[in-house]
Structure formats: C-alpha cells, structure tokens
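Enquirer: requesting a structural model of the entry that follows:
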Amino acid sequence: MILPDRNRKDMVDIPESVRKDLELVFVKRIQEALELTLESVPVVVSGPDSGTPEGTAARA
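Expert: Reported below is the predicted structural model:
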C-alpha cells in the first residue's frame, strides 16, 4: 500500500496484527508513487537516428 509520508505518524492507530500483513510504502511526492506503480514501456521512434528508414510506411 502506498501512503503519503505525512500519514506515517498515524501508524500507531493501526493494530500490529493488521500492520504485519501489510506492505506499506511511504512517499513524499506523487512521482515516487508513479515510479512504484506504473510499468515502463519502450517507445519506438522512426527517424534518421532510430535505425528505421523514413518513408517506409505504406503509401495510398
């Protein structure tokens, strides 16, 4: 579970029996949460530096 770092102080309100079954990650910025949750996907770019010849698309 990803939680804001500012909620870390509230951990005392969660019983130990519940906490032991949770994987908690505290983040300070949304970017940290995004990096933890989103999958990186490669991007294919055609052009002179990509190794893919330009103009190879089908023409109408």
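Enquirer: specify the beta-bridge partners of the closest residue in space to residue 7 that isn't next to it in sequence.
Expert: Distances taken as C-beta to C-beta, 6 or more residues apart in numbering put residue 26 closest to residue 7, at 7.4 Å, once the chain neighbours are dropped. Just so you know, the C-beta spots here come from the backbone N, C-alpha and C atoms, and that holds for glycine as well. With DSSP bridges as the criterion, residue 26 is bridged to residue 3.
Enquirer: list the contacts of residue 26.
Expert: 2-5, 7-8 (C-beta atoms under 8 Å, 6 or more residues apart in numbering).
Enquirer: rerun that using 6 Å as the cut-off
Expert: 3, 5, 8 (C-beta atoms under 6 Å, 6 or more residues apart in numbering).
Enquirer: export these as TSV, with columns for distance to residue 34.
Expert: Supplementary listing: those in TSV, determined by distance: C-beta to C-beta, whole Å:
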residue	distance to residue 34
3	15
5	15
8	20
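Enquirer: of those residues, buried ones?
Expert: Among the contacts of residue 26, none is classed as buried by neighbour count (16 or more other C-beta atoms under 10 Å).
Enquirer: a markdown table for the residues you listed, including pLDDT and distance to residue 16?
Expert: Formatted as a markdown table, these follow (pLDDT from 0 to 100; distance: C-beta to C-beta, whole Å):
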| residue | pLDDT | distance to residue 16 |
| --- | --- | --- |
| 3 | 96 | 17 |
| 5 | 97 | 21 |
| 8 | 95 | 16 |
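Enquirer: between those, which sits nearest residue 38?
Expert: Comparing the contacts of residue 26 against residue 38 with C-beta to C-beta places residue 3 closest, at 17.3 Å.
Enquirer: what's in contact with the longest helix seen in the chain?
Expert: Scanning the chain for the longest helix, with DSSP state H as the assignment, gives helix 30-37. By C-beta under 6 Å, 6+ apart, the residues outside helix 30-37 that reach it are 2, 27.
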